[in-house]
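In: The following comprises the amino acid sequence and a computationally predicted model.
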Amino acid sequence: MSKQTPTAGAPLVAIVGRPNVGKSSLFNRLVGRRQALVEDEPGTTRDRVYGEAEWRGRDYRVVDTGGLEAEGEGPFSPLVRRQIELAMAEADVLLFVVDGRDGLTAADQEISEILRRSDKPILLVANKVDNLRRLSDASQFYELGLGEPLTVSAYHGDGVADMLDEVFAVLPERQQPPTPPGLRLAIIGRPNVGKSALLNAIAGDERMIVSDIPGTTRDVVDTTVRFDGQPLTLLDTAGIRRSGRIERGVEKHSVLRAKRALERADVALCVMDAGEPVTAQDAHIIGMADEMQTGIVLVMNKVDLLEPGEESRQEMAALVRSRLKFVPWAPLAFVSAKERSGLTGLLRRALAVGAQRERRIPTAELNAVVRRAVTEHAPRSVQGRRLKLLYVTQAEVRPPTLVFFVNDATLLHFAYLRYLENRIRDAFGFEGTAIRLMFKSRGETPDIDAHGRTGEHRKAVGGRPTGGSRRAPRPRKADAG
């Protein structure tokens, strides 16, 4: 596995400063979307968050960082500081953001000394300057010895264009062909199962903050690596708690972003803890991935906690299969992020699942399998009428979507749908991915657009889902975890 910085190629601008000066607001303004979390609570950003942007025809990258604090302030302070040091080391230009409302602080003085030691071009940016009085107050930042402060209002966008002109006056001309994002892997799971540790183990560096404190990760962070010559984009996400335990504010936004990451992922790496395997919340989260119809790889992390030997893994695999019967097609990988073991097998499974999601079955082969299935087990009669399958074709991929043309779709029984899905899987595999089955009555126009893609994720026949898999079972109170 080889590591690449996210969106590698263009020059990199790092945004640094103390907590709550508006670094994430400026980051979002530059990338043109709310990619970084923005809250009034100091310390919202902890990990490095990367984005792509363009100014006057030139591409560049920007990285948002956590707030620099004095040593010992808060449990994450040393970890955040390490992330900022890594961002500064790879950056071409540093934007030192200060608060035009608060004025010059002792913390700003300390940070300016740290930045000077970096030997990187530094632009001083006074944020939250949205009126003439604050503009005059910004002159006090001359004391930092970093030249004239560039006054902006990230919230309103004032002064940002002039700031970018100054940035590009010192940015190098370095420009490389962009790296394709490749297969997108969302690392999901409940808090503290080792998601960020797994990402760091795969990426081979301290890309994410890792702590024993649940809820450390808040933003969705994209990291690009190469494995077996192919690019992979890893999306680390916040831990998803049971809905009744989700706090308002930052944590709620983090969970929403985790769900959005799942929406744009190709494959979900569903991480579980071998020390507390397959809780009701694990099943709920895996059910979310199934509902989104991503590919799924079940990841049992912390296998270093298990008794050595194959027997303990077989017992764990049997437990996983018994509790996750709704995704029998999902492969299971055993890893230890701490010991960096099992990673090669995990990524090869993820690539295999990605390939299955792209697979197209020739229409003749598909119809031959369905005809044999019907011959061996015909649909049951409903009030003297029987479902007749006339024709089936694959309409799209990601996930593989099969459209069945029948005499009357209301005659379809859910058990028969599941039978057809199982026979199709027996014949063609589709390991690790949901397959979507849609049924259209004779004379209906299939819901397929001009590109051959269906417009629905799950089509219901008589209120029954006809694609993907069953929902995860409702967690029992005794299993809650």
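Out: On my side now, so go ahead.

In: Could you use CA atoms for every contact and neighbour count after this?
Out: Will do.

In: Does Pro191 touch Ile240 like I think?
Out: Yes - contact criterion Cα atoms under 8 Å: Pro191 and Ile240 qualify, at 6.3 Å.

In: Which helix or strand contains Ser196?
Out: Assessed by DSSP states H and E, Ser196 sits inside helix 195-203.

In: what packs against the particular helix or strand that has Val97 in it?
Out: Secondary-structure assignment from DSSP H and E places Val97 in strand 93-99. Here strand 93-99 touches strand 12-16, strand 122-127, going by 3 or more Cα pairs under 8 Å, 6 or more residues apart in numbering; DSSP states H and E.

In: Mean pLDDT per helix and strand in this structure: which one sits at the bottom?
Out: strand 460-461 (a mean of 32; mean pLDDT, DSSP states H and E).

In: all strands of the stretch 201-350 of the chain, in order?
Out: According to DSSP state E, counting those that start in this stretch, the stretch 201-350 of the chain carries its strands in the segments 221-227, 230-236, 267-273, 295-301, 332-334.

In: got the angle for the fourth one vs strand 267-273?
Out: Right, the one you point to is strand 295-301. With axes from the mean of the first three to the mean of the last three Cα atoms, to 10 degrees as the basis, strand 295-301 and strand 267-273 are set at 20 degrees to each other.

In: going forward, begin numbering at 529 instead of 1
Out: Yep, numbering from 529; the last one is strand 823-829 now.

In: which parts of stretch 549-561 are buried?
Out: In terms of neighbour count (16 or more other Cα atoms under 10 Å), stretch 549-561 has its buried residues at 549-559.

In: Switch those over to a markdown table; also include distance to Trp583.
Out: Formatted as a markdown table, the buried residues of stretch 549-561 follow (distance: Cα to Cα, whole Å):
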| residue | distance to Trp583 |
| --- | --- |
| Val549 | 23 |
| Gly550 | 21 |
| Lys551 | 19 |
| Ser552 | 19 |
| Ser553 | 18 |
| Leu554 | 15 |
| Phe555 | 14 |
| Asn556 | 14 |
| Arg557 | 12 |
| Leu558 | 9 |
| Val559 | 10 |
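
In: Mark which of the residues you listed are part of helices, please.
Out: Secondary structure from DSSP state H places 551-559 of those in helices.

In: Could you look up the SS state of the nearest residue to Glu582 once chain neighbours are set aside?
Out: Closest residue to Glu582 apart from its sequence neighbours, by Cα to Cα, 6 or more residues apart in numbering: Tyr588 at 5.9 Å. Counting by DSSP: H, G, I helix; E, B strand; the rest coil, the backbone at Tyr588 sits in strand.

In: quick one on the thing from earlier: of Pro719 and Ile768, which one has the most company?
Out: Ile768 (25 against 21; other Cα atoms under 10 Å).

In: Please determine how far the more buried one is located from Phe555.
Out: The gap separating Ile768 from Phe555 is 25 Å, by Cα to Cα, to the nearest Å.

In: swap in Phe958?
Out: Counting by Cα to Cα, the gap from Phe958 to Phe555 is 40 Å.

In: low pLDDT regions in this protein?
Out: 529-537, 561-576, 597-612, 659-665, 701-709, 733-749, 766-767, 769-786, 971-1009 (pLDDT under 70).

In: Pop the domain breakdown of it in here.
Out: 537-698, 711-885, 891-993 (automatic domain parsing).

In: What is the neighbour count of the residue nearest to Glu582?
Out: 23.

In: Is it bridged to anything, and to what?
Out: Ala581 (DSSP bridges).

In: can you pull the contacts of it?
Out: 538-541, 580-582 (Cα atoms under 8 Å, 6 or more residues apart in numbering).

In: downstream neighbour of the strand holding Val625 in the secondary structure list?
Out: helix 634-644.

In: what angle do the strand holding Val625 and helix 634-644 make?
Out: If you take the same axes, to 10 degrees, strand 621-627 sits at 170 degrees to helix 634-644.

In: List the pairing partners of strand 621-627 within its sheet, with orientation.
Out: strand 540-544 (parallel), strand 650-655 (parallel).

In: Sort out which residues of that strand are buried, please.
Out: Those buried within strand 621-627 under the rule 16+ other Cα under 10 Å are 621-627.

In: For that strand, give me every contacting residue.
Out: 540-546, 549-551, 616, 632, 636, 640, 648-656, 695, 698-699.

In: Select only the buried ones of the residues you listed in PyMOL?
Out: To isolate the buried members of those in PyMOL, using 16+ other Cα under 10 Å:
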select buried, resi 540+541+542+543+544+545+546+549+550+551+616+632+636+640+649+650+651+652+653+654+655+656+695+699
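
In: sorry, back to before: export the ones in helices among the buried residues of stretch 549-561 to TSV and tack on distance to Ala808?
Out: Shown next, in TSV, are these (distance: Cα to Cα, whole Å):
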residue	distance to Ala808
Lys551	38
Ser552	35
Ser553	37
Leu554	40
Phe555	37
Asn556	36
Arg557	40
Leu558	41
Val559	38
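
In: Phi, psi for the residue of the chain positioned farthest from its centre please.
Out: Farthest-out residue of the chain from its mean C-alpha position, per Cα atoms, centre = their mean: Gly912, at 49.6 Å. Main-chain dihedrals, Gly912, degrees, to the nearest 10: phi 80, psi 0.

In: Look up how far Leu939 lies from it.
Out: Counting by Cα to Cα, the gap from Gly912 to Leu939 is 11 Å.

In: do Asp801 as well
Out: Taking Cα to Cα, one finds Asp801 at 43 Å from Leu939.

In: out of the two, which sits in the more crowded spot?
Out: Counted by other Cα under 10 Å, Asp801 and Leu939 do not tie: Asp801 has more neighbours, with 23 against 20.
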